[in-house]
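**Q** need the 3D shape of this:
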Amino acid sequence: MRPVSGAELAAEGDVDTELNGESVGGAEQPRRASTFAAFRHRNFRLYAMGMLVSMAGSWMQIIAQGWLVYQISGSEWTLGLVGFASAIPALIISPWAGVIIDRVPRRAILYGTQTAAMLFAFILAFLTFTGQVQVWHIVALAVGIGMVNAFDAPTRQAFVVEMVGRDDLPNAIVVNSMIFNGARIVGPAFGGLLLAWLGAGWCFLINGISFMGVLVALFLMQLAPYARRVRLESPWGQLKDGLIYVQQRADLRGILLQAGIFGVFGVSYSTVLPAYVDRVLHVGPAAYGMINAASGVGAVTSALLIAHYGDALRRGRWLALVALAFPFVLMAFAWAPGLPVALVLAFFLGICFLGQFTLLNTLLQTRVDDAMRGRVMSLYTLIFFGIAPFGNLAIGAVSEYWGLSITLTLSALITLGLSAANLLYSDKVRSMR
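**A** Purely as a prediction, here's the structure:
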């Protein structure tokens, strides 16, 4: 399952709590909530525990897979190719996934996606243990996982509002990100050690087993019966309505544009981290896990701050701040003189990454109408994860010729320029609360 999962939220179907309070489709302020208000809901507590286990396993696989690909190929371009293969299905599937999410019970979709991801992990573990694994196997499985994630990422986000209701929705989005990045601390740290001691196969096997956590959580949830709605429009008509809806909303367009900038030019650095650890820092797989864990600690720190102060923040201004700080941290990271400095900078990368991701997610989800939620958030998945693979492929290819430090610096400069143009000169985004 791809780490960076998060981008959706539709509001039809099973509801375990009354959806009252202030409008989510407009820009009104949510009420002041406690830092962990979302945990008042039993279904969300089950979901949180299951996802923490599952995502920790997924981060272990991400660490092991990147290192395995680099060990087999010795090529930054191949690392970019695997990242490209895992995300490219979102370009084709995500718009239609949103239509399906708005028509089908989301728990049923999650049963299917989590089971499929579990099977892919077991297949990769088998190929690795038997010594048959090749790069093309990993690329093919990455495509399969990408297809799963095109449905899974938006469905998981859509499911949040059904577990907590509208009042606690902003807090649940942040807590959800906190869970994801809490797993990002445990998974890479443990995965890096396991990779160094026992090899990649054990990381893949444990990831497969970890999916049982979220499957059991889904089974134990107490949800109201799914209320089917009469559908007069065709799926194509629904898809077109979603595109028109976004085109007419300048605020949504600004958020989606920033997501695209960040997805293509900002986070693509993570694709070549195995090569960075080897060629720039000259350290091994355990240190690779440590860098990912340090980034996860920064991300959790960011999530805690947003969860605590979220309702008092002018989120648009904070989005501009972290979006413009991120490229400077990335440039310093590109030229880190050693592991200790790289760990500190990875911590701040995590703060800026999670801060931007969570604020984008929250601003979008609190402005979209419920009837359009699945389709709009699938467009977010399409932009963030469907276009991002071109950045992964480009950074891998350019690194082969110009070197990692220069390529990461170039990526940071492009991110800075485009983000400044979109955020500093866009009152629609910068003034959002």
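
**Q** tell me which stretches of this protein form strands.
**A** Taking DSSP state E as the test, none of the chain falls into strands.

**Q** where are the low-confidence patches of it?
**A** Across the chain, the ranges flagged by pLDDT under 70 are 1-35, 181-182, 184-185, 188, 224-239, 309-313, 370-371, 374, 385-386, 425-433.

**Q** longest helix anywhere in it?
**A** In the chain, taking DSSP state H as the definition, the longest helix is helix 42-73.

**Q** so which other helices or strands are in contact with that helix?
**A** Packed against helix 42-73 by the contact rule (3 or more CB pairs under 8 Å, 6 or more residues apart in numbering; DSSP states H and E) you find helix 76-87, helix 106-129, helix 135-164, helix 169-197, helix 200-220, helix 273-279, helix 285-309. Quick note: C-beta positions are derived from backbone N, CA and C, even for glycine.

**Q** what comes up buried for it?
**A** 43-44, 46-70, 73 (16 or more other CB atoms under 10 Å).

**Q** and residue 281, its phi and psi?
**A** Residue 281 adopts backbone torsions of phi -90, psi -20, taken as degrees, to the nearest 10.

**Q** hmm, residue 337 and it touching each other?
**A** No - Residue 281 is beyond contact range of residue 337, at 9.1 Å (criterion: CB atoms under 8 Å).

**Q** between these two, which has more neighbouring residues?
**A** Using other CB atoms under 10 Å as the criterion, residue 281 and residue 337 rank with residue 281 on top: 18 against 9.

**Q** show me what contacts the more buried one?
**A** Residues near residue 281 by CB atoms under 8 Å, 6 or more residues apart in numbering: 287, 336, 338, 339, 342.

**Q** now the buried members of those residues.
**A** Buried among those by 16+ other CB under 10 Å: 287, 336, 339, 342.

**Q** nearest to residue 38, of the helices and strands packed on helix 42-73?
**A** helix 169-197 (3.8 Å; CB to CB).

**Q** which positions in that closest one come out as buried?
**A** For helix 169-197, burial by neighbour count (16+ other CB under 10 Å) applies to 169-192, 194-195.

**Q** and residue 292, how far from residue 382?
**A** According to CB to CB, to the nearest Å, residue 292 stands 26 Å off from residue 382.

**Q** the closest residue to residue 111 other than its chain neighbours - how many residues pack around it?
**A** Ranked by CB to CB, 6 or more residues apart in numbering and with sequence neighbours excluded, the top spatial neighbour of residue 111 is residue 218, at 6.2 Å. The tally of other residues near residue 218 (other CB under 10 Å) stands at 20.

**Q** is residue 218 in contact with residue 108, as I believe?
**A** No - contact criterion CB under 8 Å: residue 218 and residue 108 do not qualify, at 9.4 Å.

**Q** contacting residues around residue 189?
**A** 289, 290, 292, 293.

**Q** tell me the spacing between residue 121 and residue 205.
**A** To residue 205, residue 121 is 8 Å away according to CB to CB.

**Q** in terms of neighbours, single out the busier of the two.
**A** Neighbours were counted for residue 121 and for residue 205 using other CB under 10 Å; residue 121 has more, 27 against 21.

**Q** residue contacts, the nearest residue to residue 112 once chain neighbours are set aside?
**A** Nearest residue to residue 112, sequence neighbours excluded (CB to CB, 6+ apart): residue 151, at 7.7 Å. If a contact means CB under 8 Å, 6+ apart, then residue 151 has 93, 97, 100, 101, 109, 112, 113 as its contacts.

**Q** so residue 151 versus residue 367, what's the distance?
**A** Distance, residue 151 to residue 367, using CB to CB: 23 Å.

**Q** any chance of CSV for the contacts of residue 281, columns distance to residue 353?
**A** Converted to CSV, the contacts of residue 281 look like this (distance: CB to CB, whole Å):
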residue, distance to residue 353
287, 19
336, 17
338, 22
339, 20
342, 15
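
**Q** pick out the most distant pair among these.
**A** The span of these, defined through CB to CB, is set by 287 and 336 at 11.8 Å.

**Q** fine by me, we can end here.
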